[in-house]
Every structure is written in structure tokens, then in C-alpha cells.
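Enquirer: generate a structure from the sequence data that follows.
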Amino acid sequence: QVRLVESGGGLVHTGGSLTLSCAVSGFSLDDYAIGWFRHTPGKERHGIVCLSTRSGTKYYADSVKGRFTVDDAGNMVWLHMNNVKPEDSAVYYCAADLSGQVCREDYPPFVGSFHSWGQGTQVTVSS
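Expert: Modelled structure (predicted):
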């Protein structure tokens, strides 16, 4: 059974750092892409990071490039958030694309392409 569980959200001050974790089970990270998405009230959920472990491909949205990094080991994926800003406040989700498609460095992960989702973790950045 495919399962993703996020953790690590919380309250952080502007300029601070936070690491989100995504524990996956029921599939191998080598085989499927992982996306990180975020959602704020009144806006659509959108992808900010995509990781394809086998190919080593990573995508970062312009809004987080240079501040967020993604890495993985075993059945864990981490989203390292540095120099956070109030606009980074959102519910963050990790999700798996079980179709076998590979992330593209120049194209954001599309919500509709990801089949299995975690429950989300809230990040709040205080100004």
C-alpha cells in the first residue's frame, strides 16, 4: 500500500530554517517522482519542487530556488527550507507520481499527475 507521511512543519521566524520530512512506503523512490506542493487559502495547490531520484533530476520553482533544497535517502525525502519568508506560509504536501514520469528541470510538477498524497504539514512564517 502506497503511503506518504509528512512531518516537520511548525512556526518559524522570517529568515529562519525548517526541514520537512516525507516518509514513503509501498514503493521505491528510485522508481517514481516525488513532488512537493504547497497550498494557501484562496489559492490553488501548486508544485514547488520535483525530485526524480533515479535520473537525479530536480526542479525548483523560482519562488524557492536558492532557498529550498530537496534530498533523499532510503524511504525518506527532505525539503530543506532556508531563509524563509512570510509568503512561504502554507500547508506543504509531498506526493508521488506513480506513472513513472520523470521530473523536468524546467517544468513544475503538475498536481493532476500525482496520484498519492500525504496529509500535509502546516508551515507558518512569522514576520
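
Enquirer: from residue 15, how far off is the nearest residue to residue 17 once chain neighbours are set aside?
Expert: What sits nearest to residue 17 in space, not counting adjacent residues and going by Cβ to Cβ, 6 or more residues apart in numbering, is residue 82, at 4.8 Å. Heads up, the C-betas are built off the backbone N, CA and C, glycines and all. Look at residue 82 and residue 15: by Cβ to Cβ, to the nearest Å, they are 9 Å apart.

Enquirer: before we move on, what about residue 37?
Expert: Noted for residue 37: a distance of 24 Å to residue 15, by Cβ to Cβ.

Enquirer: equivalent analysis for residue 87, please.
Expert: 13 Å.

Enquirer: and residue 72, by the same measure?
Expert: Distance of residue 72 to residue 15, given as Cβ to Cβ: 26 Å.

Enquirer: quick revisit: doesn't residue 64 make contact with the residue nearest to residue 17?
Expert: No. Counting by Cβ atoms under 8 Å, residue 82 does not reach residue 64; the two are 9.6 Å apart.

Enquirer: between the two, who's got more neighbours?
Expert: Taking other Cβ atoms under 10 Å, residue 82 and residue 64 do not tie; residue 64 has more neighbours (21 against 14).

Enquirer: hang on, that one packs against residue 48?
Expert: Yes. Here residue 64 reaches residue 48: they are 5.1 Å apart, a contact under Cβ under 8 Å.

Enquirer: quick check: closest non-adjacent residue to the residue nearest the centre of the chain.
Expert: Geometric centre of the chain, nearest residue: residue 36, 1.9 Å, by Cα atoms, centre = their mean. Nearest residue to residue 36, sequence neighbours excluded (Cβ to Cβ, 6+ apart): residue 49, at 4.0 Å.

Enquirer: any idea how far residue 126 is from that neighbour?
Expert: Counting by Cβ to Cβ, the gap from residue 49 to residue 126 is 23 Å.

Enquirer: neighbour count winner among these two?
Expert: Using other Cβ under 10 Å, the more surrounded residue of residue 49 and residue 126 is residue 49, with 25 against 11.
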